[in-house]
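Peer 1: Sequence plus predicted model, see below.
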Amino acid sequence: MKREDILVAGQLFLFVLIGLGFFRLPDASSGMIKMVGLVVAVAGGLVGLAAIRQHQVVNQQPPKVSPVPNESVGLVESGLYRFVRHPIYSGVLLAALGAAIINGHLAMFVLFVLLYGWLTMKSMFEEQLLSQTYPTYPDYMTRTGRFVPPILNRK
């Protein structure tokens with residue numbers, strides 16, 4: 001199995017665990033906390049959908065799940081991509097954090113941390129390939145954050 005396939009399979013496995021945990025683990029948060037979690041989860045969904053739409057508008061096709069770049073499309077540097085290199089991952093992470101807050105069970109927060117680590121590993125591999133495919137990508141990396149705008153994080 002190729003590295004990119006393992007990264008995608010691991011990501012999907014974590015999605016399934018988060019979904020199962022959300023619906024099967026005992027609910028441990030209160031009303032106001034649930035509302036905060038819902039806002040975070042909805043914001044994540046909107047960020048992810050907006051990033052998918054922006055990619056599709058620029059490249060006339062949706063982004064791939066695989067970290068291997070599609071050499072027939074261009075590098076998207078507008079919209080949310082102007083601020084972060086992986087806004088779809090950002091949206092997924094926000095949605096997973098929101099689900100953890102809504103549920104409130106420690107296992108959900110552990111799954112969120114595991115997903116964050118997995119997507120970081122996947123994005124680092126993807127960035128190596130993107131740097132080989134797009135000569136301007138290393139410069140783009142210096143201007144943008146991985147999952148949050150650079151004002152909020154260190155590269």
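Peer 2: Good, I have the coordinates. What you see is a predicted model; the values in this text were computed from it and never measured.

Peer 1: in whichever helix or strand residue 119 is part of, what counts as buried?
Peer 2: Using DSSP states H and E, residue 119 sits within helix 106-133. Buried residues in helix 106-133, counted by 16 or more other Cβ atoms under 10 Å: 107-109, 111-112, 114-116, 118-119, 122-123, 125-127, 130-131. From N, CA and C alone the C-beta is placed, and that goes for glycine too.

Peer 1: Following the chain past it, name the next helix or strand.
Peer 2: helix 137-143.

Peer 1: Tell me which other helices or strands that next one touches.
Peer 2: Contacts defined by 3 or more Cβ pairs under 8 Å, 6 or more residues apart in numbering; DSSP states H and E place helix 137-143 against helix 106-133.

Peer 1: Which residue, other than its chain neighbours, is closest to residue 75?
Peer 2: Distances taken as Cβ to Cβ, 6 or more residues apart in numbering put residue 134 closest to residue 75, at 4.6 Å, once the chain neighbours are dropped.

Peer 1: Got the phi and psi for that neighbour?
Peer 2: Backbone geometry at residue 134, expressed as degrees, to the nearest 10, gives phi -120, psi 110.

Peer 1: gap between it and residue 71?
Peer 2: Per Cβ to Cβ, to the nearest Å, residue 134 is found 9 Å from residue 71.

Peer 1: Same check on residue 120?
Peer 2: From residue 120 across to residue 71, the span is 24 Å (Cβ to Cβ).

Peer 1: Could you report the neighbour count for residue 60?
Peer 2: 8 (other Cβ atoms under 10 Å).

Peer 1: So what does it have for phi and psi?
Peer 2: The phi/psi pair for residue 60 (degrees, to the nearest 10) is phi 60, psi 20.
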